[in-house]
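sequence plus predicted model, see below.
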Amino acid sequence: MEINYLKLINFRNYTQFDINFSSEGALIYGKNGIGKTNLLEAIAYFAFGKSFQTSHDVDLINFSQKFFRISAKFNLFEKELYFECAVDKEQKKIKIDDIKIPRISELYKYIKVVYFSPDDLGFTAGAPVYRRFFFDQAISQYSFDYIELLRKYNRILKQRNALLKKKFGEKEKMVWDKQFVKYGVEIIKRRLNYLKEFIPVLSQHYFYISGEKENLQTKYIYSFPIDNNTNLENNFLTYLKKIEVQEIENQRSLAGPHLDDIKFDIETHPARRFASQGQKRSIAIAARLVQAGMISQKDKEAPILMFDDVLSELDKERTKKILKILKKNHQIFIVTPNHEIYKDLALPGINLEKIV
Amino acid sequence: MFQGILADLVHNLKKLPGIGNKSAQRLAMYIISIKKEKALQIADSIKTAVENYSNCSICNMLTENDPCDFCSDKSRSNKLLCIVENTQDIYLIEEIQEYKGKYYVLGNLLSPLDGIGPEQINFPRLINFIRSEDIEEIILALNPSAEGESTMNFLGSQLSKYVNKITRLSTGLPFGGDIEYTSSLTLRNAFKRRYSVKD
Ligand SMILES: [Zn+2]
């Protein structure tokens, strides 16, 4: 899939701006503060229905204005589709070919962007929430109904936490526990399914990037103990019964997929603690490459890739290998102060200083 | 600009579902700008409807007559009971002409966030209803939302003492799918393909 044309009105520093893109993508340069990342942010907005930099749409509105509007033409499913997002303080309207979509998350069905972010370092080294966010978003891109499942689980979680804050009867608790376990387990199963494909390719990429020296092990970490003699539902439910007093004391749910994690070991050393910056960065980049590869394979349509200055800290050898894994069939956007690294990709350059 | 009486009107219109500040202002301006008799007609019919409608003392639905037309209709089967969340759902189900039994309006779904537990659902009255009729099947026609599913779960376990067959609608969708937004064809199929709530 490709973006052919982008138009920004009152978006961040862009009051009026439009640009055509080639199907290969672009190497975007220009001095700091010119709005390089903002351009990526605008394109990615069509994939996620929100910014990757802020959860407040209002922050995206140019400081002197009351609304922003971004529109774009994308090539996908062998046709050209016209997307438009209009946001003011009260509402957000997103249209595809002039038809308003009922839910923002519908966008996940259409535009797929894999954004290699400077924050991806948190994927390996940060708190578990980074990894859950990564996989929840990746799985949502991979199979759309996961979004609905997540929404439902989060709603049940919220209800259950509210229940734990008040006086409740045993039967009422049982009802919410059952729902919680049912949808919680469904989420875990979907994650495990995704990881079954994800992990082998990740190890393969990582092994290659590390110069065929390092083996990466990836493991799903449950927030409750697993007894293999029984199923997930029973394991989860048994544990909830066991921690009931603690949960009431803490007034919130203390187990479930919203607290699960994914662990990376290089050889046998936990990457989170022992990996070097370069190793951590490589794991995150390899993970993004797998994410992109899995979408391509399933959709028969390659997602748009964006690199936001993520390779400049890596050594030459690793960088070279990463670029080798990159498939040529993606439209690729790169923001970097250091174009030399990407020379081999032969992307057309866009100098923002000349057009903004 | 919106002060005094007009601000009051805006404030009150905003209490309606789906009406934000902008819409309330637009409606208020509209109401005071149209012919007086037309505007008063709207006000009158709101007043009359509110004064004349109350909950049916048997099934809980909002009705002009107590007991309601469904409860007093002898031609409707008293072997079937359909439990819905609100009165509007009854009208949606009536539209598909698939169901000819009795109704019961729950009024609330379990929702700890809104302080609604089993005590807030009018349970004794529901049990009374079930005992006084010769009910063979209870159909739980609630939305498959987090709250709807939990309520169906709860009702399923609580009512199985009284009635053997308790079913719920099939949505055809794995998750989501509000009754309100379902087409009548889908709703008819959901009724036909209802299934037992027993695990
Ligand atoms: Zn009635």
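Cool, got the structure. Quick caveat, the model's predicted, so the values are computed rather than measured.

any idea which helix or strand carries B:Ile138?
strand B:137-140 (DSSP states H and E).

what pLDDT is listed against whatever residue of the stretch 1-150 of chain A ends up closest to chain B?
As assessed by CB to the nearest CB, chain B sits closest to A:Glu148 within the stretch 1-150 of chain A, at 4.5 Å. The way it works is simple: take the backbone N, C-alpha and C, and place the C-beta from them, glycine included. A:Glu148 carries a pLDDT value of 91.

show me what the helix or strand containing it is packed against.
For A:Glu148, the host element (DSSP H and E) is helix A:145-164. Helix A:145-164 sits against helix A:128-142, helix A:170-209, helix A:244-250, helix B:146-159, with contacts defined as 3 or more CB pairs under 8 Å, 6 or more residues apart in numbering or on different chains; DSSP states H and E.

what residues of it count as buried?
A:146-153, A:155-164 (16 or more other CB atoms under 10 Å in any protein chain shown).

for the residue nearest the centre of chain B, give its distance to A:Met306.
Ranked by distance to the mean C-alpha position of chain B (CA atoms, centre = their mean), the top residue is B:Asn86 at 1.1 Å. Per CB to CB, to the nearest Å, B:Asn86 is found 47 Å from A:Met306.

what ranges do the strands span in chain B?
B:54-55, B:62-63, B:80-84, B:102-105, B:137-140, B:165-168, B:195-196 (DSSP state E).

partner strands of the third one, parallel or antiparallel?
To tie it back to what came earlier, the one meant is strand B:80-84. strand B:102-105 (parallel), strand B:137-140 (parallel) (DSSP bridges).

now swap in the second one and tell me
Strand B:62-63 sits in its sheet next to strand B:54-55 (antiparallel), going by DSSP bridges.

pull out the buried positions in stretch A:225-240.
Buried, per 16+ other CB under 10 Å, within stretch A:225-240: A:Leu232, A:Asn235, A:Phe236, A:Leu237, A:Tyr239, A:Leu240.

give me the pLDDT for the residue nearest to the centre of chain B.
Note on B:Asn86: pLDDT of 92.

torsion angles phi and psi at it?
As for B:Asn86, its main-chain torsions (degrees, to the nearest 10) stand at phi -140, psi 170.

quick one: it and B:Gly107 touch, right?
Yes: at 6.9 Å, B:Asn86 counts as touching B:Gly107 under the criterion of CB atoms under 8 Å.

list the contacts for B:Tyr99?
B:Leu80, B:Cys82, B:Ile93, B:Ile139, B:Phe191 (CB atoms under 8 Å, 6 or more residues apart in numbering or on different chains).

would you agree the fourth one is in contact with B:Cys82?
Meaning B:Ile139. Yes: counting by CB under 8 Å, B:Cys82 is a contact partner of B:Ile139 at 4.5 Å.

need the overlap of contacts for those two.
With CB under 8 Å, 6+ apart as the test, B:Ile139 and B:Cys82 both reach B:Tyr99, B:Gly101.

which residues does the least confident helix or strand in chain A by mean pLDDT contact?
For chain A, counting by mean pLDDT, DSSP states H and E, helix A:352-355 ranks last in confidence among helices and strands (a mean of 84). Contacts to helix A:352-355, defined as CB under 8 Å, 6+ apart, come from residues A:Phe17, A:Ile19, A:Ile28, A:Tyr29, A:Gly30, A:Lys31, A:Ile34, A:Gly35, A:Lys36, A:Leu39.

pick out the most distant pair among those.
By the measure CB to CB, A:Ile19 and A:Lys31 form the most distant pair in those, at 17.8 Å.

what about A:Leu305, which SS state?
Here A:Leu305 is recorded as strand under DSSP: H, G, I helix; E, B strand; the rest coil.

give the contact list for it.
A:Gly25, A:Val113, A:Val114, A:Phe116, A:Ala292, A:Leu326, A:His330, A:Gln331, A:Ile332, A:Phe333.

identify the farthest-apart pair in those residues.
A:Val113 and A:Leu326 (15.1 Å).

ok, the two, which is more surrounded?
More crowded of A:Val113 and A:Leu326, by other CB atoms under 10 Å in any protein chain shown: A:Val113, with 23 against 16.

neighbours around the closest residue to that one other than its chain neighbours, how many?
Excluding the flanking residues, the one nearest A:Val113 by CB to CB, 6 or more residues apart in numbering or on different chains is A:Ala47, at 3.8 Å. Look at A:Ala47: counted by other CB under 10 Å, it has 23 neighbours.

now swap in A:Asp119 and tell me
14.

before we move on, what about A:Asn75?
Using other CB under 10 Å: A:Asn75 sits among 15 other residues.

I'd assumed it was in a strand, is it?
Yes: using three-state DSSP, the assignment for A:Asn75 is a strand.

isn't it up against A:Met1?
Yes: counting by CB under 8 Å, A:Met1 is a contact partner of A:Asn75 at 6.3 Å.

kindly state the beta-bridge partners for A:Phe74.
A:Ile3, A:Leu81.

test my guess that it contacts A:Leu6.
No: using CB under 8 Å, A:Phe74 is not in contact with A:Leu6, being 9.7 Å away.

element containing A:Phe68, please.
strand A:67-76.

how close does A:Asn161 sit to A:Glu247?
Distance from A:Asn161 to A:Glu247, by CB to CB: 9 Å.

overlap of the contact sets of those two?
A:Ser253.

next up, the contacts around A:Ala125.
So A:Ala125 contacts A:Ala271, A:Arg272, A:Ala275, A:Lys280 (CB under 8 Å, 6+ apart).

could you pull up phi and psi at it?
phi -100, psi -20.

equivalent analysis for B:Lys79, please.
Torsion angles, degrees, to the nearest 10, at B:Lys79: phi -90, psi -20.

spatially nearest residue to it (excluding sequence neighbours)?
B:Glu136 (4.4 Å).

please apply the same query to A:Ile334.
Per CB to CB, 6+ apart, closest to A:Ile334 is A:Phe307, 4.6 Å.

A:Thr336 is in contact with that neighbour, correct?
Yes: at 7.1 Å, A:Phe307 and A:Thr336 qualify as touching, with contact defined as CB under 8 Å.

and those two? Which one has more around it.
Shown here are A:Phe307 and A:Thr336; by other CB under 10 Å, A:Phe307 has more neighbours (28 against 18).

list the contacts of the more buried one.
Contacts of A:Phe307 by CB under 8 Å, 6+ apart are A:Phe116, A:Ile332, A:Phe333, A:Ile334, A:Val335, A:Thr336.

mind checking which of those residues are in helices?
When the contacts of A:Phe307 are checked against helices (DSSP state H), there are no matches.

report the buried members of these.
A:Phe116, A:Ile332, A:Phe333, A:Ile334, A:Val335, A:Thr336.

which ones among those residues map onto strands?
Using DSSP E, the buried ones among the contacts of A:Phe307 in strands are A:Phe116, A:Ile332, A:Phe333, A:Ile334, A:Val335.

which pLDDT value belongs to the fourth one?
If you check A:Ile334, the pLDDT there is 94.

how near is it to B:Leu142?
Taken as CB to CB, the span from A:Ile334 to B:Leu142 is 51 Å.

just the contacts of B:Tyr99: which has the poorest pLDDT?
Per-residue pLDDT puts B:Phe191 lowest of the contacts of B:Tyr99, at 85.

surely it touches B:Arg168?
No: between B:Phe191 and B:Arg168 there is no contact under CB under 8 Å: 10.6 Å.

sorry, back to before: wait, which of the strands of chain B is closest to A:Gly184?
Comparing the strands of chain B by CB to CB, strand B:165-168 comes nearest, at 21.0 Å.
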